[in-house]
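*Asks:* The sequence and its predicted three-dimensional model are supplied below.
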2 protein chains.
Amino acid sequence: MELKICLIGKGNVGTCFLQLLKEKRHMIKEIYNCECILVAIFEHDGAIINKDGIDLNELLAKSANFRKNLFWKKDVKAKGLISELGINLCIETTPTNPNTGEPALTHIIEALSNNIDVISSNKAPFFLYYKRIKDLAEKMNCFIRYEATVASCVPALSIKRNLIGNKIIRIKAILNGTNNYILSRMATEGISFAVALKEAQELGYAEADPSLDVGGFDTAGKLVILANELLGWSKSIEDVKIEGITKITPQALELAKIDGYIIKHLAIAEENNLIVEPRLVKRDSPLNISGALNLIKLQTKHAGSIIFMGKGAGGLEAASAILNDLINIVIERNKIRHN
Amino acid sequence: MELKICLIGKGNVGTCFLQLLKEKRHMIKEIYNCECILVAIFEHDGAIINKDGIDLNELLAKSANFRKNLFWKKDVKAKGLISELGINLCIETTPTNPNTGEPALTHIIEALSNNIDVISSNKAPFFLYYKRIKDLAEKMNCFIRYEATVASCVPALSIKRNLIGNKIIRIKAILNGTNNYILSRMATEGISFAVALKEAQELGYAEADPSLDVGGFDTAGKLVILANELLGWSKSIEDVKIEGITKITPQALELAKIDGYIIKHLAIAEENNLIVEPRLVKRDSPLNISGALNLIKLQTKHAGSIIFMGKGAGGLEAASAILNDLINIVIERNKIRHN
């Protein structure tokens, strides 16, 4: 089969994906009998479009200049053009407004409406309009995958299939590496939130404007997707009770420590409620992870707790999650074709 | 579709599976359009066989006596009969000789040879004859699943699919809850191996004959399956360098502690080698789990380490892994039929 791909957004994640695709497309051809043809790459100010397939070696050569590519077209937008490209997979990695989900939402809707499978690393469309997107994908018989949106490369969403005979009852998770790094440093060094935040910014763990992280909004968005996917809910970010980490003091951490506890910023889904807030966690609890890791603890009906952890951020990590999604779509499409 | 099932072995795992099947078969019918019909249950001294389907409510009633069931036949063996039952799924949970893999090996081979899918919670056939079994399953176009053999309900094997675009480079794991419990107690209480073992036996964590556990053989068997599955190897238990935990002293643990380390019994697959031995692990390492948990740490090429943990033993846990396997086979068979 031929997989004709359009990538929207060539930031860190998009660029890492192109590198992975270059590295893996021969394996995908050999093992899954699928030729990956990159037809278009959209950026905010234009696009490279080549229906015969963009030359990945040329594109990713050290000397290459993206906007001087022979097929670069200035000011071309993805919107309205997605259905014209003859593609069967749209990969969405644009910088997206967390309040509206745009422009990713429009791209996703347009792709699905035109019978094109979608992979997204953008979470806003899913924590805002989960049911709308899923219903459309089902109606159009399209695959939509978004593993990278929650805990990046940790298979937090696709794990549902592995546990399909079990029943997930409750989720407790640490879904923001920045916040976990800050709290870990405050606890071990006795420093204030402001100092730990500055350190995290200098190390590149925190953004220049850290409010979406430390305020809890980023965690809440991921929690919505995780709970909808694993518990079968249809909630949106408005349903989450959110409290950030900005009011936590070294004194509070010290008091907790005396009693054998630590304060963690937890995302919790239980009994139809979604909660993001600082919680006391026992020092020897598996939830007490340090540094910028993510962790997901699933309380199951038949097999106690099952815990997953790993890096929750990073361009290559997210790109590897996208590639996992891509190959899984290829496997499913192959089955549909061959049977 | 109709799934006609034969269960071989009605011990703890087998009985828990029957309970789960009773609980879930209506859901399986409703969601996956698959009628689960239990045709036979084999025990060492006979079998219940009913080609119209064994009544699970009657079988599992509190007052029921297994060997007084109307369809009980004394001295009937599974061997030679598997192909006569008209089944399409054979579930293997017998007590099996770890040196020969029997009787599970014979049952598995007979089922696959007759085009019957197999789920096994028995690991010996797989750490002894992995390639032979896999090759036969492939030749016969049959599904063979054995998630319960490694870390029970933790999806240690099926996770390969979730990480299919990534590359797993190295595995470090804790695969025996008994050993981990013993080492944890020795470290925290300063007690000897003998005392900790006795405690583990009293709590039901360790067998009356603990040699397969504490000698490292059980861990080695699981490591073979894990490495073959996730790294694409074809090794057997003879390829594992094995050292148990019997020689570890409280003094060694104390010395390690002074330098910030703890001793863990690790299963390691790296650079074409399989190793089971006690190793020093930093106290703040994610590998430092306490109690009877299992943990699997996968070093990946594109996304750092990904870690999974959960209960590695227990009848219901293993049965839930079997049910996961069963539903996944149903999903795959449905795809083959519908396309």
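*Replies:* Okay, I see it.
*Asks:* Please make it C-alpha for all contacts and neighbour counts, starting now.
*Replies:* Noted.
*Asks:* Those residues of chain A touching chain B, which are they?
*Replies:* Residues of chain A lying near chain B by Cα under 8 Å from any Cα of the partner chain: A:153-155, A:158-159, A:161-166, A:286, A:289, A:302-311, A:316-317, A:320-321, A:323-325, A:327-328, A:335-339.
*Asks:* Most distant residue from the centre of chain A?
*Replies:* No residue in chain A sits farther from the centre than A:I258, which is 36.6 Å out by Cα atoms, centre = their mean.
*Asks:* Which residue ranges of the stretch 151-300 of chain A form helices?
*Replies:* Along the stretch 151-300 of chain A, counting by DSSP state H, counting those that start in this stretch, helices occupy A:159-162, A:177-189, A:193-202, A:211-214, A:217-231, A:250-258.
*Asks:* got a list of what the one residue in the stretch 51-200 of chain A that gets nearest to chain B touches?
*Replies:* Distances between the stretch 51-200 of chain A and chain B by Cα to the nearest Cα are smallest at A:G165, namely 4.3 Å. Neighbouring residues of A:G165 by Cα atoms under 8 Å, 6 or more residues apart in numbering or on different chains: B:320-321, B:323-325, B:327.
*Asks:* Relative to chain A, which of those is nearest.
*Replies:* Taking those together and measuring to chain A by Cα to the nearest Cα, the closest member is B:N324, at 4.3 Å.
*Asks:* Whatever helix or strand the closest one lives in close to chain A?
*Replies:* According to DSSP states H and E, B:N324 maps onto helix B:315-338. Yes. Applying Cα under 8 Å from any Cα, one finds that helix B:315-338 is in contact with chain A at B:316-317, B:320-321, B:323-325, B:327-328, B:335-338.
*Asks:* Selecting buried members of those residues in PyMOL, what would you type?
*Replies:* The PyMOL command for the buried members of these (criterion: 16 or more other Cα atoms under 10 Å in any protein chain shown) is given here:
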select buried, chain B and resi 316+317+320+321+323+324+325+327+328
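*Asks:* can you put the residues of helix B:315-338 next to chain A in a markdown table and add pLDDT and distance to B:G190?
*Replies:* Putting the residues of helix B:315-338 next to chain A into a markdown table (pLDDT from 0 to 100; distance: Cα to Cα, whole Å) gives the following:
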| residue | pLDDT | distance to B:G190 |
| --- | --- | --- |
| B:L316 | 95 | 33 |
| B:E317 | 95 | 31 |
| B:S320 | 96 | 36 |
| B:A321 | 97 | 36 |
| B:L323 | 97 | 41 |
| B:N324 | 97 | 40 |
| B:D325 | 98 | 42 |
| B:I327 | 97 | 46 |
| B:N328 | 97 | 46 |
| B:K335 | 87 | 56 |
| B:I336 | 85 | 57 |
| B:R337 | 78 | 60 |
| B:H338 | 72 | 61 |
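*Asks:* which one among the residues of helix B:315-338 next to chain A gets closest to A:G46?
*Replies:* Nearest to A:G46 among the residues of helix B:315-338 next to chain A is B:K335, at 40.8 Å by Cα to Cα.
*Asks:* Make sure that closest one is actually in contact with A:R337.
*Replies:* No. The criterion here is Cα atoms under 8 Å, and B:K335 misses it with A:R337 at 10.7 Å.
*Asks:* which stretches of the stretch 51-200 of chain A form strands?
*Replies:* Listed in chain order, the strands of the stretch 51-200 of chain A (DSSP state E, counting those that start in this stretch) span A:72-74, A:89-92, A:117-120, A:144-145, A:168-174.
*Asks:* most tightly surrounded among those strands?
*Replies:* Greatest average neighbour count among the strands of the stretch 51-200 of chain A goes to strand A:89-92 (a mean of 26), per mean count of other Cα atoms under 10 Å in any protein chain shown.
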